[in-house]
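> Next input, structure requested:
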Amino acid sequence: MEVTGFHGTSRASSGSILANGFDLSRNEYDWLGEGVYFFQDAPLRARDWARERFGREAAVVMATIDLDGCMDLLDIGWQENLTETFHLLKSDARRSGVTLPVQSKGAHRLDASVVDATVDMLRKKGQIVRSVRAAFVEGQPLYPGSALHGRTHIQIAVRDESAITHVSWEGPYA
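Predicted coordinates:
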C-alpha cells in the first residue's frame, strides 16, 4: 500500500532534497526513532510544522511512501514487540544503573528508544522494518469535552529511503 506523506522543511533544504534525496534524522528526541519524517495526508500540518521552525523560509516536499515493511502502530499487531523491548530495556537499565530516556512535550525519547531497539531486535531475526507509522494526539481539544485535538496527525518515519517511491515539490508556505 502506498500513502502520501508531506515533509516540512526550509526552501533551501527542499531544493537539496529534490536534487539529492533526504537525510535520515537521528535525534534522540525523534518520536519514532531514526528516519525521514512525514505527516501522512496532511500538507497543512507539515506546513505549520515547517513555519514553526523556518518562518518565512518554510516549504513542504510531498512524497509517495510504500508501506511494505512498515511497523504500523495504527494496528495492534506490534504492541507485543514494543512491550517486550521496553521490558528488556528497563531490565538492562536497572542492571547497569542508568535511567531510561524520559518523554517530554515534543520529545518522545523513550518511545524513540523503544522503537529503535525493536527495529534492531527484528533485524537480528531477519525482519527488516523500512518505516514506522503511528498516530499522535496533539494540540487542544476542538471544543470542550472533545476527544478531537487540533494538531493530531499520523506520522511516518521512513528508515529505508527505498520506501520513498516519488518526491515532488509541494511549494513554499511563507
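> Contact partners for the spatially most central residue of the chain?
The residue lying closest to the centre of the chain (Cα atoms, centre = their mean) is A157, at 3.6 Å. Listed by Cβ atoms under 8 Å, 6 or more residues apart in numbering, the contact partners of A157 are 25, 30-38, 115, 131-133. Where you see a C-beta, it was placed from the backbone N, CA and C, and this is true even at glycine.
> which of the residues you listed are buried?
Buried members of the contacts of A157, scored by 16 or more other Cβ atoms under 10 Å, are 30-38, 115, 131-133.
> closest to R56 among these?
Closest approach to R56 among the buried ones among the contacts of A157 (Cβ to Cβ): Y37, at 21.6 Å.
> and that closest one, what helix or strand is that in?
Here Y37 sits within strand 36-40, counting by DSSP states H and E.
> For R26, grab phi and psi.
phi -130, psi 40 (degrees, to the nearest 10).
> if you skip the residues just before and after it, what's nearest to it?
E34 (4.7 Å; Cβ to Cβ, 6 or more residues apart in numbering).
> Pretty sure the one you found sits against A117.
No - the pair E34 / A117 is not scored as a contact, 11.6 Å apart, by Cβ atoms under 8 Å.
> How about Q140, nearest residue that isn't a chain neighbour?
Using Cβ to Cβ, 6+ apart, the closest residue to Q140 is G150 (5.6 Å).
> and that neighbour, how many neighbours?
11 (other Cβ atoms under 10 Å).
> what does the one 5 residues further on give?
Q155 is flanked by 22 other residues according to other Cβ under 10 Å.
> same question, the one 3 residues further on
The local packing of V158 (other Cβ under 10 Å) involves 27 other residues.
> got the CA coordinates for stretch 29-47 in PDB?
Extracted in PDB, the C-alpha atoms of stretch 29-47 (Å, rounded to 0.1, in the frame of the first residue of the first chain):
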ATOM      1  CA  TYR A  29      14.100  13.000  20.700                       C
ATOM      2  CA  ASP A  30      12.600  11.900  17.400                       C
ATOM      3  CA  TRP A  31       9.200  10.400  18.100                       C
ATOM      4  CA  LEU A  32       9.500   7.200  16.100                       C
ATOM      5  CA  GLY A  33      13.300   6.700  16.200                       C
ATOM      6  CA  GLU A  34      15.600   7.400  13.300                       C
ATOM      7  CA  GLY A  35      14.100   8.200   9.900                       C
ATOM      8  CA  VAL A  36      12.800  10.800   7.400                       C
ATOM      9  CA  TYR A  37       9.700  12.200   9.000                       C
ATOM     10  CA  PHE A  38       6.400  12.800   7.100                       C
ATOM     11  CA  PHE A  39       2.900  13.800   8.000                       C
ATOM     12  CA  GLN A  40       0.600  11.400   6.200                       C
ATOM     13  CA  ASP A  41      -2.100  13.000   4.100                       C
ATOM     14  CA  ALA A  42      -1.600  16.300   6.000                       C
ATOM     15  CA  PRO A  43       0.100  19.100   3.900                       C
ATOM     16  CA  LEU A  44      -1.200  21.800   6.200                       C
ATOM     17  CA  ARG A  45       0.100  20.100   9.300                       C
ATOM     18  CA  ALA A  46       3.500  19.800   7.600                       C
ATOM     19  CA  ARG A  47       3.300  23.500   6.600                       C
END
